[in-house]
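In: A predicted structure for the sequence below; I have some questions about it.
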Amino acid sequence: MTPTQRTLKYLKDLGRVCGIVERFNMYAGPHGIRQDLFGFIDIIALDRKEGIIGVQSCGQAFSAHYKKITEERHHECAEWLRCGGKVELIGWRKVKHKRGGAAMRWKPRVREITQKDLDEVL
């Protein structure tokens, strides 16, 4: 199961309506590339309480994706926030189910990206 599939299940379990906006472009580069909406959104989630949320999902490279959103896609993320959208970064890692046990479970790490996060980069 990919991080995007795990994230979709997680978001749907929260009662959110979701759609994948990341696309594979087979014509870009020699082998094709995955392209995110505005360069940082994999999934759009609709939540009655939270509104419209742009979600970036990843595996264990949480800090690299955080840097991508706040530095490389700073302008796009700021515009998304100014227009009333929210941004969440959801990373996945395996953790032990019980302390000292051997069973492992996938656990999400969720961080909302705010204007304050973007201002700290500048």
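Out: Noted; the coordinates are in hand. Numbering: from 1, shown residues only.

In: Who is Asp47 paired with across the strands?
Out: Gly51 (DSSP bridges).

In: how far away is it from Lys86?
Out: Relative to Lys86, Asp47 is positioned 9 Å away (CB to CB, to the nearest Å). Heads up, the C-betas are built off the backbone N, CA and C, glycines and all.

In: now swap in Val55 and tell me
Out: Computed as CB to CB, the Val55 to Lys86 distance reads 9 Å.

In: Please say which of the two ends up with more neighbours.
Out: Val55 (25 against 17; other CB atoms under 10 Å).

In: OK, contacts around the more buried one?
Out: When contacts are counted by CB atoms under 8 Å, 6 or more residues apart in numbering, Val55 touches Thr7, Leu11, Cys18, Ile41, Asp42, Ile43, Ile44, Ala45, Val87, Glu88, Leu89, Ile90.

In: Give the bridge partners for the closest residue to it other than its chain neighbours, please.
Out: Closest residue to Val55 apart from its sequence neighbours, by CB to CB, 6 or more residues apart in numbering: Ile43 at 4.2 Å. Under DSSP bridges, the beta-bridge partners of Ile43 are Ile20, Val55.

In: So which residues of the chain form helices?
Out: In the chain, the helices defined using DSSP state H lie at 3-13, 62-67, 74-82, 115-121.

In: Could you list every helix and strand in contact with the longest one?
Out: Going back to what we said before, that points to helix 3-13. Packing partners of helix 3-13 (3 or more CB pairs under 8 Å, 6 or more residues apart in numbering; DSSP states H and E): strand 17-20, strand 43-47, strand 51-58, strand 86-96, strand 104-113.

In: list the buried ones in that helix?
Out: Pro3, Thr4, Arg6, Thr7, Leu8, Tyr10, Leu11 (16 or more other CB atoms under 10 Å).
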